[in-house]
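J.: okay, predicted coordinates and the sequence, questions at the end:
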Amino acid sequence: MSENGLDPVRIALIGAGSRGLGAYGAHVLRRPDLARIVAVADRLGERLALAGHLHDISPAHLYPSWEAMLDCEPAFDAVIIATPDREHLAPALATIERAAGISLLLEKPICPTEEEMERLATAVEASGADVTVAHVLRYTAFFARIRELLDRGVIGQLLSIRHTEHVGYWHFAHSYVRGNWRRLDEASPMLLAKACHDLDILRWLAGAPCTHVASFGTLSHFTSANAPAGSTARCDQGCRIERTCPYSAQRIYLETLPPASAWPHDVVSADTSPAALARALHEGPYGRCVYHCDNDVADHQVVALRFANGVDATLNVSAFTRETTRTVHLMGSHGEITGDFYANAITVADFRNADTRTSRLTLVTEGYHGGGDDGLMVDFLNRVRERRRNGKVEEAPTALAESLDSHRMAFAAERARHSGDVIRLGA
Ligand SMILES: NC(=O)c1ccc[n+]([C@@H]2O[C@H](COP(=O)([O-])OP(=O)(O)OC[C@H]3O[C@@H](n4cnc5c(N)ncnc54)[C@H](O)[C@@H]3O)[C@@H](O)[C@H]2O)c1
């Protein structure tokens with residue numbers, strides 16, 4: 001442990017991918033006063049090399065497995081686990097066991113199955129470990145402002161919430177048809193992967209535990225039965241409708257999205273030059289026709305929720321939207337709040353005013369997830385520094401125990417979707 005709580009936090013990173021390096025690593029590079037990445041574990045040599053280069057880490061502290069890192073690495077204050085969904089449980093259990101006294105930041109979803117999640121919850125409770133879940137939305141100015149408006153009673157008693165996750169047609173095709181979250185056996189249910197954040201926010205805004213869950217949704221569109229005549233297995237194999245298909249890989253990555261060196265282009269190819277991207281689309285998974293993939297997760301899902309204080313809510317998650325944003329509508333006894341997350345706009349209507357005045361608040365945020373990634377890291381790192389200074393663990397806003405509810409709601413919604421039943425929680 002560092003002797004001075006104000007020294008930068010020493011982080012050991014497990015999983016140097018899009019989130020590990022792209023979100024958390026990038027934050028550390030922007031805030032060297034707060035933290036340093038001192039050791040990295042990743043299965044891929046190229047990711048280790050990139051991490052070593054970006055963070056100036058000697059090869060001795062770059063490990064091909066998290067087991068080796070936890071065995072050998074002498075000194076760190078915090079561990080970040082940013083491995084794929086199905087690789088969270090084992091490193092999390094090992095970190096808690098072998099690195100007592102450190103703080104752990106665990107990517108969401110906590111685990112892809114309820115059994116694994118409950119196993120981890122039991123271990124964390126028994127050890128008293130400090131585990132923060134990366135529910136980044138709670139750290140955004142947008143949702144913090146809505147919560148503050150509710151707490152101030154500006155719409156009276158909250159009665160219902162309508163929340164929509166507009167995944168975006170190209171984003172859905174990228175992640176859930178061609179990409180890493182397309183299959184249940186390789187990742188997790190779409191609702192858990194994409195919307196456990198939203199369930200966490202609904203639980204937080206409602207202000208009470210969820211008691212009942214119903215859900216409908218399926219994989220309707222991205223199937224071989226919907227393959228248009230003339231389509232081919234890959235978009236650049238002479239597909240006859242490629243020029244008019246919204247899901248054409250060539251159109252999405254090379255024409256529609258602005259040229260960029262960052263996400264999602266860097267997932268398609270580490271080298272994001274146009275020639276390298278075209279090569280990756282020709283050979284790799286992201287050039288496949290969306291109607292000829294091996295995906296099986298739902299492409300749209302609705303969830304109805306009842307909370308213990310009588311608040312009712314709906315969550316609608318859909319691939320079939322032009323924008324990639326979240327919109328929310330909170331209805332209270334004396335007013336309503338509407339918000340568009342990526343437009344950073346919140347409108348409040350107060351029924352008590354004769355003219356029902358509406359005020360528009362514009363919030364300024366930076367970085368991914370409306371500033372949530374940076375907000376999460378600042379909170380996490382400050383808590384680690386404080387713990388180092390005075391030895392006390394201050395509970396995170398998204399501590400594991402607090403985050404279990406959102407995941408239990410997601411698993412219940414999956415059961416409801418498959419059975420058609422209304423699932424009672426906590427009964
Ligand atoms: N908080 C959020 O908003 C948010 C957003 C996107 C993704 N995620 C989650 O973050 C996690 C990581 O996603 P990503 O997009 O960075 O994935 P990624 O594939 O880009 O990165 C994962 C990295 O982990 C490495 N890895 C795989 N198995 C490993 C193992 N056993 N030991 C060590 N390294 C291993 C891979 O080589 C890769 O470099 C996932 O669980 C994902 O669902 C969270």
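T.: Perfect, thanks for sending it. In this text the structure is predicted, and so the values were computed from the model without any measurement. Residues are numbered from 1 along each chain as shown.

J.: can you list the residue ranges for strands in the stretch 1-150 of the chain?
T.: 9-14, 35-41, 62-63, 78-81, 103-106, 130-133 (DSSP state E, counting those that start in this stretch).

J.: and among the ones you listed, the most buried is which?
T.: Mean neighbour count (mean count of other Cβ atoms under 10 Å) peaks for strand 78-81 among the strands of the stretch 1-150 of the chain, with a mean of 28. Every C-beta, even on glycine, is put in place using the N, C-alpha and C of the backbone.

J.: wait, what's in contact with whatever residue of the chain ends up closest to the ligand?
T.: Using Cβ to the nearest ligand atom, the closest approach of the chain to the ligand is made by Gly17 at 1.8 Å. Gly17 is in contact with 42, 47, 82-84, counting by Cβ atoms under 8 Å, 6 or more residues apart in numbering.

J.: quick check: the two most widely separated of these?
T.: Arg47 and Pro84 (12.4 Å; Cβ to Cβ).

J.: quick one: which of these two has more around it?
T.: Set Arg47 next to Pro84 and count neighbours by other Cβ atoms under 10 Å: Arg47 wins out with 19 against 16.

J.: and the helices in the chain?
T.: For the chain, helices defined by DSSP state H occupy the ranges 26-30, 45-55, 66-72, 89-98, 114-127, 141-151, 169-172, 190-206, 249, 265-268, 274-283, 372-390, 400-419.

J.: please enumerate residues in contact with the fourth one?
T.: Going back to what we said before, that points to helix 89-98. Around helix 89-98, the neighbours that count as contacts under Cβ under 8 Å, 6+ apart are 14, 66-67, 70-71, 79, 81, 83, 102, 104, 106, 111, 116, 119-120, 123-124, 127, 129, 131.

J.: 6 Å - rerun?
T.: With Cβ atoms under 6 Å, 6 or more residues apart in numbering as the test, helix 89-98 has contacts from 14, 66, 70, 79, 81, 104, 106, 111, 116, 120, 123, 127, 129.

J.: can you pull the contacts of the second one?
T.: Read it as Trp66. Trp66 is in contact with 14, 41, 91, counting by Cβ under 6 Å, 6+ apart.

J.: and Leu199, what's its pLDDT?
T.: The pLDDT attached to Leu199 in the predicted structure is 98.

J.: hang on, isn't Ala280 packed against Val268?
T.: Yes. Contact criterion Cβ atoms under 6 Å: Ala280 and Val268 qualify, at 5.0 Å.

J.: tell me the pLDDT at Val364?
T.: pLDDT, Val364: 62.

J.: just checking, Ala319 touches Asp299?
T.: Yes. The criterion here is Cβ under 6 Å, and Ala319 meets it with Asp299 at 4.5 Å.

J.: more neighbours: the two, which one.
T.: Applying other Cβ under 10 Å to Ala319 and Asp299 shows that Ala319 carries more neighbours, namely 27 against 24.

J.: so what does the more buried one have for phi and psi?
T.: phi -70, psi -20 (degrees, to the nearest 10).

J.: give me the nearest residue to it, chain neighbours excluded.
T.: Of all residues not flanking Ala319 in the chain, Phe172 sits nearest, at 3.4 Å (Cβ to Cβ, 6 or more residues apart in numbering).

J.: returning to that earlier point: from the contacts of helix 89-98, which are also near the ligand?
T.: 14, 66 (Cβ under 6 Å from any ligand atom).
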